[in-house]
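Chemist: Pasting a predicted model and its sequence here:
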Amino acid sequence: MHCQFWAGPNITLELVTPSRDDSAVSGALLADGPGLHHIAFEVDDLEGELSRLREAGLVALDPVPRKGARPGMRVVFMHLGRRSGVLIELVEYTT
């Protein structure tokens with residue numbers, strides 16, 4: 001997949017496009033069509049927020065944090081107990 005980032009003072013926008021027909025992004029586009037896929041929140045304590053949100057009923061798609069699209073970035077994707085159509089991404093920068 002290809003990622004492009006545009007950053008402002010308090011917000012960063014990431015546009016993602018598939019690089020192969022068999023990629024996860026291609027699959028999401030085929031299943032759901034184009035549009036808003038997820039909203040990301042930068043956090044200082046990824047494991048702590050992951051635990052807090054699990055206790056609040058959100059479901060983690062990633063069992064543990066994984067490498068993000070940028071160097072030093074770790075991420076976890078979550079959704080509400082019933083799929084709402086928009087994922088939540090928790091982002092932590094380690095560097």
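Modeler: In hand now; what should we look at?

Chemist: Only C-alpha atoms from now on, for both contacts and neighbour counts.
Modeler: OK.

Chemist: The helix or strand hosting residue 5 - contacts with which helices or strands?
Modeler: Assigned by DSSP states H and E, residue 5 falls within strand 2-7. Helices and strands in packing contact with strand 2-7 are listed as strand 12-17; criterion 3 or more Cα pairs under 8 Å, 6 or more residues apart in numbering; DSSP states H and E.

Chemist: Tell me the gap between whichever helix or strand comes after the strand it packs on and the middle of its chain.
Modeler: The first helix or strand that comes after strand 12-17 along the chain, using DSSP H and E, is helix 24-32. Offset of helix 24-32 from its chain centre (Cα atoms, centre = their mean, to the nearest Å): 15 Å.

Chemist: Okay, now the sheet partners of the helix or strand following helix 24-32, with direction.
Modeler: The helix or strand immediately downstream of helix 24-32 is strand 38-42, counting by DSSP H and E. Based on DSSP bridges, the pairing partners of strand 38-42 within the sheet are strand 87-93 (parallel).
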